[in-house]
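Enquirer: just the structure for this:
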Amino acid sequence: MSGRTLGLVCAAAGGIEQIRERLIEPMLEDGWAIAVTLTPAAAVWLEASGERDKIEAVTSIPVRSEPRLPHEQSPHPPVDCYAVVPATANFVAKLALGVADNQALTQVCEAIGGRRPPVVVFPRVNAAHAGQPAWDSHLAALTGAGVQLVYGEDVWPLHTPRSAPNKQIPWPAIRAAIEEAIAKHPPT
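Expert: Model prediction:
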């Protein structure tokens, strides 16, 4: 799929340290442009590891984590699909409620509210997160708004907190969901 731009939004959760090698670089090889926006905590994580600079180098697009001033143009091109990978339980809850209190949430909340472009979310959560009383209603709100979730026992079996420290993110399922979202909602 060439000529497409993915708006990749990342929260601070396990697996983010692999985002460049496991998602960004393979999608770049497939002809995608990738515009990355990080939550404030994710920005700290990736700056500390040196990954933020590496992501900017391979994408040739500035990584965002702060809002721009009103007179400034966006450093990102228009996107054809947003993917939130990984999404924390906090990010999912705020997204479901429309709380746009940082640049990463603002972009995705606007896409959901405007019903364009399509949005894919991978909640990297554990069984305790999913057991919270509001969790199911958050997922229902997002799917009701057309968000495609990469979630469920078939792709991400839930585990107890801190019991699966090396658990791998389901990269192939995430890529398939992005491709499916684009196929269902081609750019206009």
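
Enquirer: who does V84 form a beta bridge with?
Expert: Under the criterion DSSP bridges, V84 forms beta bridges with V9, V121.

Enquirer: so the residue of the chain positioned farthest from its centre is in which element?
Expert: Ranked by distance from the centre of the chain (CA atoms, centre = their mean), the top residue is H71, with 26.7 Å. Using DSSP states H and E, no element contains H71; it sits outside every helix and strand.

Enquirer: and T160, what does it touch?
Expert: Neighbour list for T160: N126, A127, A128 [criterion: CB atoms under 8 Å, 6 or more residues apart in numbering]. C-betas here are computed from N, CA, C, even on glycine.

Enquirer: for PyMOL, write the select line for the buried members of those residues.
Expert: Selecting in PyMOL just the buried members of these, where the criterion is 16 or more other CB atoms under 10 Å, is done with this command:
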select buried, resi 126
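
Enquirer: looking at the contacts of T160, spot the one nearest P157.
Expert: Distances from P157 to the contacts of T160, taken as CB to CB, are shortest for A127 (9.2 Å).

Enquirer: re earlier: just put the contacts of T160 in TSV and tack on distance to G113, secondary structure and pLDDT.
Expert: Formatted as TSV, the entries for the contacts of T160 read as follows, by distance: CB to CB, whole Å; DSSP: H, G, I helix; E, B strand; the rest coil; pLDDT from 0 to 100:
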residue	distance to G113	secondary structure	pLDDT
N126	29	coil	94
A127	31	helix	95
A128	30	helix	96
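
Enquirer: Throw the contacts of T160 into a markdown table and include distance to G31, thanks.
Expert: Rendered in a markdown table, the data for these read as follows (distance: CB to CB, whole Å):
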| residue | distance to G31 |
| --- | --- |
| N126 | 35 |
| A127 | 38 |
| A128 | 39 |
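
Enquirer: buried residues in the longest helix along the chain?
Expert: Ranked by residue count under DSSP state H, the longest helix found in the chain is helix 171-184. Residues of helix 171-184 classed as buried by neighbour count (16+ other CB under 10 Å): W171, A173, I174, R175, A177, I178, E179, A181, I182.
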